[in-house]
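Trainee: Pasting the sequence and the predicted model now:
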Amino acid sequence: MPEIAEVVFPVTHTEAQWRALLTPEQYDVLRGHGTERPGSCALNHEHRAGSFACAGCGQVLFVSGKKFESGTGWPSFNDPVPGAVGTSVDRGHGMIRIEAHCSQCGGHLGHVFEDGPPPTGRRYCINGVAMNFTPG
C-alpha cells in the first residue's frame, strides 16, 4: 500500500485554493488529516436514499444503501463506490491504521476497520464534514 504523499491525484489545488474552497473544519479534516468530534455531524443521522460525495472535489464516495449505524459517532459504511476511495498506511498517533482518502483529490476521509457487518466485514469510519449528501 503506497504512502499517500507518493500519489499524484487528478484534482489538485494550492493550499490557498483549498482554503478558499473549504470551510475551516473541512480544511482541517480533508487537508490536515483532522477528525471531527464524534456525534457532531448531521450526516451521522442521515437515513434518506442518496449519495455522499467528497466535500473537496464532488466525487461520489458512498451510497446510502451501504451506510450503517456503528454507534461510533461517525457515519459508517461497509463499502465505497468502486474506485472512489483509496487507502494508505496512517502511522500517526502512535498506531498503524488504514486511512481512507478520496481517490480524486486525496482528501482525508477517515479510517477503515475490519469490524463492520457482512458482507464485507469492513467499517469505513468517515468524518461527516468531509462529505456532502445529495438525496435521491
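Mentor: Great, that's in hand. Numbering: from 1, shown residues only.

Trainee: could you measure A84 against E15, distance?
Mentor: Separation of A84 from E15 (CB to CB, to the nearest Å): 24 Å. From N, CA and C alone the C-beta is placed, and that goes for glycine too.

Trainee: ok, these two, which is more surrounded?
Mentor: Shown here are A84 and E15; by other CB atoms under 10 Å, A84 has more neighbours (18 against 9).

Trainee: shaky segments in the chain?
Mentor: Residue ranges of the chain with pLDDT under 70: 1-6.

Trainee: Strands of that one, residue ranges please.
Mentor: 50-54, 60-63, 67-68, 76-77, 85-90, 97-102, 108-113, 123-126, 131-135 (DSSP state E).

Trainee: Of those, which is nearest L30?
Mentor: strand 108-113 (5.7 Å; CB to CB).

Trainee: Parallel or antiparallel, list what pairs with the closest one.
Mentor: Using DSSP bridges, the strands paired with strand 108-113 are strand 97-102 (antiparallel), strand 123-126 (antiparallel).

Trainee: Please identify the deepest-packed of these.
Mentor: strand 123-126 (a mean of 25; mean count of other CB atoms under 10 Å).

Trainee: tell me how far that one is from the chain's mean position?
Mentor: How far strand 123-126 lies from its chain's middle: 7 Å, per CA atoms, centre = their mean, to the nearest Å.

Trainee: How about residues contacting it?
Mentor: Contacts of strand 123-126 with the rest of the structure, by CB atoms under 8 Å, 6 or more residues apart in numbering, involve 52, 61-62, 70, 72, 74-80, 85, 100, 109-116.
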